[in-house]
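*Asks:* output the structure for:
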Amino acid sequence: MRRLTISGLLAVGALLMSSLPASAAEPETGSTSAAVADPCSPSAAPPAPPAPACSGNGTTAAETFKWGQPNRVEEFDGPLGAAWGVYDGPGHGGNGTRTPNAVSLRDGIMTITGDSSGATAGMAWIPGQKYGRWEARVRSPVSDPSYNSLLLLWPDEENWPVGGEIDFMEISDPARQRADIFVHYGADNSQTQGKVDVDATQWHNWAVEWTPDHIAAFLDGKQWYRTTDPVVQPPGPMHLCIQLDWFPDGGTPKTSTMEIAWVKQYPAGGAASGG
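*Replies:* Numbers count the residues shown, from 1 in each chain. This next block holds a predicted model:
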């Protein structure tokens, strides 16, 4: 889903240093409906907040496909630095608000909270890069139907829709049992999509690989979506965004959250994953 153009991102990111309070076309390869198990079983999980030993583990695409060393890592074990631009203004489509107050950090976990008034948060990891890989460990508890949990790539030039958009984890199912990918492209905001069944209330590793000849999505080190259509390629550098978006449905929303243990960015060099 699109996000609003945000001004003053770096200024807000610096502020948090001191105060943290889609009709779509079919994908080229079919989506899978096989649920992906999480290595951290519910019976073995410690009380909330989750222990880093559980939230920080799991099979990654980076390890499976030997992406090498990341060129940027965030483990949320301290105040957010200036590279993070936390949105501060109107919410998605002008609904509700996005506020840095909806972001909190505790025990190496960043939590974004959406409340009953539509006050929620999103953030951009800037600047981005042209081509590369991004991976994040995320848990999305059962949610109010009005809240979507997202990981996406957004154009550095803020020239949507021409600049493209890659939503490589969009969870609109309130039970958090399915995720979608939407690849937006072109001046008319055309889209292609895929889906995967997964218990997203457990910790999972979500990744995207963007190269000159393909865009692929991964869940716990396994590819579940891939397109090689050159038409969908973004024209310029992209950066990672983390968002909990509010889509008001006429009711009174309840508090919803999404949790992130870490995010990593990898350069475009090295061997690409197999198709």
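*Asks:* stretch 230-237: how far from the chain's middle?
*Replies:* From the chain centre to the centre of stretch 230-237 is a distance of 19 Å (C-alpha atoms, centre = their mean, to the nearest Å).
*Asks:* that stretch spans what distance, first to last residue?
*Replies:* Start-to-end span of stretch 230-237 (C-alpha to C-alpha, to the nearest Å) is 16 Å.
*Asks:* check which residues of it are buried.
*Replies:* Of all the residues in stretch 230-237, those buried under the rule 16 or more other C-beta atoms under 10 Å are 232-234, 237. Every C-beta, even on glycine, is put in place using the N, C-alpha and C of the backbone.
*Asks:* among the residues you listed, which are located in helices?
*Replies:* Of the buried residues of stretch 230-237, none are assigned to helices by DSSP state H.
*Asks:* closest one of these to G78?
*Replies:* In terms of C-beta to C-beta, no member of the buried residues of stretch 230-237 lies closer to G78 than P237, at 26.5 Å.
*Asks:* what pairs with the most centrally placed residue in the chain across the strands?
*Replies:* Nearest residue to the geometric centre of the chain (C-alpha atoms, centre = their mean): L151, 1.2 Å. Here L151 sits in beta bridges with M169, I242, going by DSSP bridges.
*Asks:* phi, psi of the nearest residue to W203 once chain neighbours are set aside?
*Replies:* Using C-beta to C-beta, 6 or more residues apart in numbering and skipping residues adjacent in sequence, the residue nearest W203 is R139, 4.9 Å away. In terms of degrees, to the nearest 10, the main-chain angles of R139 are phi -130, psi 130.
*Asks:* tell me which residues touch R139, please.
*Replies:* With contact set as C-beta atoms under 8 Å, 6 or more residues apart in numbering, R139 has these partners: 50, 55, 200-204, 258-259, 261.
*Asks:* would JSON lines of those with distance to G93 and neighbour count be doable?
*Replies:* Listed next are these as JSON lines, based on distance: C-beta to C-beta, whole Å; neighbours: other C-beta atoms under 10 Å:
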{"residue": "P50", "distance to G93": "32", "neighbour count": "19"}
{"residue": "S55", "distance to G93": "31", "neighbour count": "23"}
{"residue": "A200", "distance to G93": "23", "neighbour count": "28"}
{"residue": "T201", "distance to G93": "26", "neighbour count": "17"}
{"residue": "Q202", "distance to G93": "30", "neighbour count": "20"}
{"residue": "W203", "distance to G93": "30", "neighbour count": "22"}
{"residue": "H204", "distance to G93": "28", "neighbour count": "24"}
{"residue": "M258", "distance to G93": "19", "neighbour count": "28"}
{"residue": "E259", "distance to G93": "24", "neighbour count": "22"}
{"residue": "A261", "distance to G93": "29", "neighbour count": "24"}
